[in-house]
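Student: Turn this into a model:
(chains A and B)
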Amino acid sequence: MKLRTFPQGVFLPHHKEDTAHLPIVRVPEPSRVVLPLIQHTGAPLKPLVNKGDTVKRGQKIADADAFVAAPVHAPLSGKVAGIEEWAHPTMGKFQAIVIENDGKGEEERYEPLPETIEDLEPERLRAFVREGGFVGLGGAAFPTHVKLSPPQGKPIDSFILNGAECEPYLTCDHRVMLERTEEMLLGLRIMVRACGAKRAYIGIEDNKKDCIDHVANLLRNFPIPAEVVPLRTKYPQGSEKHLILAILGREVPPGGLPLDVGVVVNNVQTAAALGRMARTGLPLVERVITLSGDCLNKRGNFEVPLGMLLEDLVDFCEGFTAPPRKIIMGGPMTGITQVSLAVPVIKGTSGFLFFRNVPKKREYPCIRCGRCVAHCPMRLLPYLLGRLAEESLFAEAEDNRVLDCVECGSCAYVCPAGIALVHLLKLAKFEVMRRKRGGK
Amino acid sequence: MEELRLVTSAPPHLKSPVTVPWIMQQVVFALLPAAVWGVVFFGPRLALPPLVLSVLACVGFEALDCLAFRRSLTVGDWSAVVTGMLLGLSLPPGCPFWIPLVGGGVAILLGKQMFGGIGQNIFNPALVGRAVLLISWPKIMATWYVRPAFVLQPAQAATYATPVDVVTSATPLGIVKAYGYPAVWETGPNLLFRLFLGLIPGCIGEISALLLLLGFLYLLLRKVVQWDIPLFYALGLSLVALLARQNPLFHLFAGGAIMGACFMATDYTTSPMTSRGRMIFGFGAGALTGIIRWLGGYPEGVTFGILTMNALVPLLDRMLPRRFGVKKA
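Tutor: So this is what the prediction gives:
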């Protein structure tokens, strides 16, 4: 099998064997869900319900007028117990709608789409995607309808479905590709039709050979030109820029988007959820996540309602074998550490990892070994950018392309001196952007 | 549920197992075959004291410096051991005991600590130490003891009336400088073979190209170093050798070329960070080595060739790689 890849990057221990073989388990509805008013990259939402209102599963409960935003729907039927500040897995705290489950299971559904996707107007499909509240479920949570709306003069020729799942431990996309394949391929057709792409590619790392074979089988007699592209298992293959480079040999220009090179990329799970809505009319109210690590009693891949609290998930997994010292939302390379179990699952939650031990790498001065330079998939000089950030030389950091950084963490992973390189680069990016916006 | 004591930290939460001390230990391991051969070939009495004293001096002076300036002790990173090994291996066997002490002191104090310690120095510390010794005590640094069986002479003239343990001998490069390039080929058969294996007079750890290359191969397999600097060093040196109408293989295997190319020029701190920079750096250091040997006053050019290119590293590091998403201008 010929594997495609990109230059540089790192080979990681991928730790996927703990959960990759475990089928998706549907978690029973919790007694309460918490839905933050921001779960996507873009403008925050305004609630459409008030305290005391009853809501049905699938009912839209928050939306915004802004284009770059995606509405939120109630994942279960119940009563709005309040709209209040709540712990948020990536933003500290944020306003959230709290719903108490009334157990009635009432539902409100949109009209499903006919199977003849290719005859439908792209306009209609984009509106459908927006109404459904879809965002990139790989973790970045960028509103999907925005990606599917290329501006005038930027025609899209290729659509890439991202099944790389390059973060260690996470296997939710793996299971979705195996178990939700029909829905995923229907979602793929909707997205391809919506953005006007001529050809579709499904990029899958070769540590998921079962997915590669399974999806390729189902692509026979597919109504649109589409192929599976096996990728070398290397981090960060799932980064949009590196997926496009590996599959199409195109490089997204600095500060640009995939559509600047005629490409739209979306995550496999986004496609599967969209395909499900097209069949059932149920918007994005649940997702598949991986719960793993070294101290959870029951690890696995779980289909959970959005807004379900981490503490309820831990209960469902029968608690811990030993108290965790570190809880991460997302993968270990880019994930965010959590300070409490009160956080809800949001649209961008690909999983939670629980670790008993927190190994510390001793820090040394930079010995200029060059590993960060040799591994940076964006061909940056992280050692230099890190030093510039430490010395607050942000203009120089910008001159040295710090804004190109995709924050994959490869530099900090390989650094033998244990320097928090990607952290310093994020700081420099933040400062450069702040100054660009006119901040002092 | 009991209260959890959770830590927060910035991603990535995975770190590679490679650490600074581990890297330095790998370099020490890689140098061991050449060091052992030096001790076997020259005998422990000639080879061991310079080696051991050099390592002790480097580690000791770094510890003293840390104590004197009230900085936390840095000898645990093993980099002083590497410097000591490199310096010791590039000393002539049988040199006076104070030579490694002075060399180690200069290497660590002037070459490394004055710049701010590990990672901060511009010049390779071991070569700084060696350069000061070469300039200050040229005679000592060019007195080569060896067992009589391995004496190199331009003509087979001298026989020894009384049996002796060791005698002084010229080195191949010394013969080239003193008697001319053709003379070195009259010192006996299979010169290249003897150079490659290390059956000639020379510095303690520099004589066997084979064992040094084996050590370097180990570092390559361990992904501690990359191949670019040594390869381009060899290219630069070979090119100059060809221009001088001399055998490139002779120049690669004689003197400290392999040691310099594989272990001195590849020093992280004092070599460029980008692949392109390292190629230019390696080529320049190799070419300068050849030019000094060919046209300079010293028989050997490794030390000054690499030190000169060390000075250019900050400049070479200003060359940025091609930007992602931007076609070559």
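
Student: alpha carbons only for contacts and neighbour counts from here, please
Tutor: Noted.

Student: where does chain A dip in pLDDT?
Tutor: A:439-440 (pLDDT under 70).

Student: The residue of the stretch 101-250 of chain B found nearest chain A is in what secondary structure piece?
Tutor: Nearest residue of the stretch 101-250 of chain B to chain A, counting by C-alpha to the nearest C-alpha: B:Gly119, 4.1 Å away. Following DSSP states H and E, one finds B:Gly119 outside all helices and strands.

Student: That one - nearest residue in space that isn't next to it in sequence?
Tutor: A:Ile367 (4.1 Å; C-alpha to C-alpha, 6 or more residues apart in numbering or on different chains).

Student: do the same with A:Gly418
Tutor: Nearest to A:Gly418 is A:Glu363, by C-alpha to C-alpha, 6+ apart, at 4.7 Å.

Student: what does A:Asn50 give?
Tutor: Looking at A:Asn50 with C-alpha to C-alpha, 6+ apart, the closest residue is A:Val80, at 6.8 Å.

Student: before we move on, back to that, what is the burial count for the residue of the stretch 101-250 of chain B closest to chain A?
Tutor: When neighbours are counted by other C-alpha atoms under 10 Å in any protein chain shown, B:Gly119 registers 19.

Student: Please point out which parts of stretch A:185-204 sit buried.
Tutor: Residues of stretch A:185-204 classed as buried by neighbour count (16 or more other C-alpha atoms under 10 Å in any protein chain shown): A:185-197, A:199-204.

Student: Tell me which helix or strand comes right after the host helix or strand of B:Leu192.
Tutor: B:Leu192 is part of helix B:191-197, with elements assigned from DSSP H and E. Once the chain leaves helix B:191-197, the next helix or strand it forms, by DSSP H and E, is helix B:209-221.

Student: hmm, back to that, and the residue nearest to B:Gly119, what is it in contact with?
Tutor: Neighbour list for A:Ile367: A:417, B:20, B:118-120, B:268-269 [criterion: C-alpha atoms under 8 Å, 6 or more residues apart in numbering or on different chains].

Student: which one among the residues you listed gets closest to A:Glu85?
Tutor: Nearest to A:Glu85 out of those is A:Ala417 (C-alpha to C-alpha; 40.0 Å).

Student: quick one: the closest one is in a strand?
Tutor: No. Assigned with DSSP: H, G, I helix; E, B strand; the rest coil, A:Ala417 falls outside any strand and is coil.

Student: I'd say it and B:Ile23 touch.
Tutor: No. Assessed by C-alpha atoms under 8 Å, A:Ala417 is found out of contact with B:Ile23, at 10.4 Å.

Student: in what helix or strand does the residue of chain A most remote from its centre lie?
Tutor: Most distant from the centre of chain A: A:Ile367, at 34.9 Å, with distances by C-alpha atoms, centre = their mean. Assigned by DSSP H and E, A:Ile367 falls within no helix or strand.

Student: So is the strand or helix carrying A:Glu311 next to chain B?
Tutor: Element membership for A:Glu311, per DSSP H and E: helix A:310-316. No. On the criterion C-alpha under 8 Å from any C-alpha of the partner chain, helix A:310-316 is out of touch with chain B, staying 9.1 Å away.

Student: Which elements pack onto the helix or strand that that helix is followed by?
Tutor: Per DSSP H and E, the first helix or strand lying C-terminal to helix A:310-316 is strand A:326-329. Applying 3 or more C-alpha pairs under 8 Å, 6 or more residues apart in numbering or on different chains; DSSP states H and E, one finds that strand A:326-329 contacts strand A:336-337, strand A:351-355.

Student: on that earlier part again, show me what contacts the residue of the stretch 101-250 of chain B closest to chain A?
Tutor: Applying C-alpha under 8 Å, 6+ apart to B:Gly119 gives the contacts A:365-368, B:269.

Student: which residues in chain A form helices?
Tutor: Along chain A, the segments classed as helices by DSSP state H run A:122-131, A:144-147, A:172-179, A:181-195, A:209-218, A:240-248, A:268-280, A:310-316, A:371-375, A:382-390, A:394-399, A:410-414, A:421-436.

Student: Quick one: closest of those helices to A:Glu165.
Tutor: helix A:172-179 (6.5 Å).

Student: Distance from the chain centre to that closest one, please.
Tutor: Relative to the centre of its chain, helix A:172-179 is centred 14 Å away, using C-alpha atoms, centre = their mean, to the nearest Å.

Student: Mind giving me the packing neighbours of that helix?
Tutor: Helix A:172-179 packs on strand A:158-163, helix A:209-218, helix A:268-280, strand A:286-293, strand A:300-305, going by 3+ C-alpha pairs under 8 Å, 6+ apart.

Student: Is it possible to get TSV of the ones you listed that adds distance to chain B and mean neighbour count?
Tutor: Output for the helices and strands packed on helix A:172-179, formatted as TSV (distance: least, C-alpha to the nearest C-alpha, whole Å; neighbours: other C-alpha atoms under 10 Å in any protein chain shown):
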stretch	distance to chain B	mean neighbour count
strand A:158-163	18	28
helix A:209-218	25	16
helix A:268-280	24	25
strand A:286-293	12	25
strand A:300-305	20	23
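
Student: Out of those, which is closest to B:Ala30?
Tutor: strand A:286-293 (37.2 Å).

Student: who does that closest one touch, helix- and strand-wise?
Tutor: Judged by 3+ C-alpha pairs under 8 Å, 6+ apart, the packing partners of strand A:286-293 are helix A:172-179, strand A:300-305, strand A:351-355.

Student: Adding distance to A:Leu243, write these out as CSV.
Tutor: Shown next, in CSV, are those (distance: least, C-alpha to C-alpha, whole Å):
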stretch, distance to A:Leu243
helix A:172-179, 16
strand A:300-305, 24
strand A:351-355, 22
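
Student: Note down every partner strand of the helix or strand bottoming out on mean pLDDT in chain B and its orientation.
Tutor: The least trusted helix or strand in chain B, going by mean pLDDT, DSSP states H and E, turns out to be strand B:167-169, with a mean of 83. If you go by DSSP bridges, strand B:167-169 pairs up with strand B:144-146 (antiparallel).
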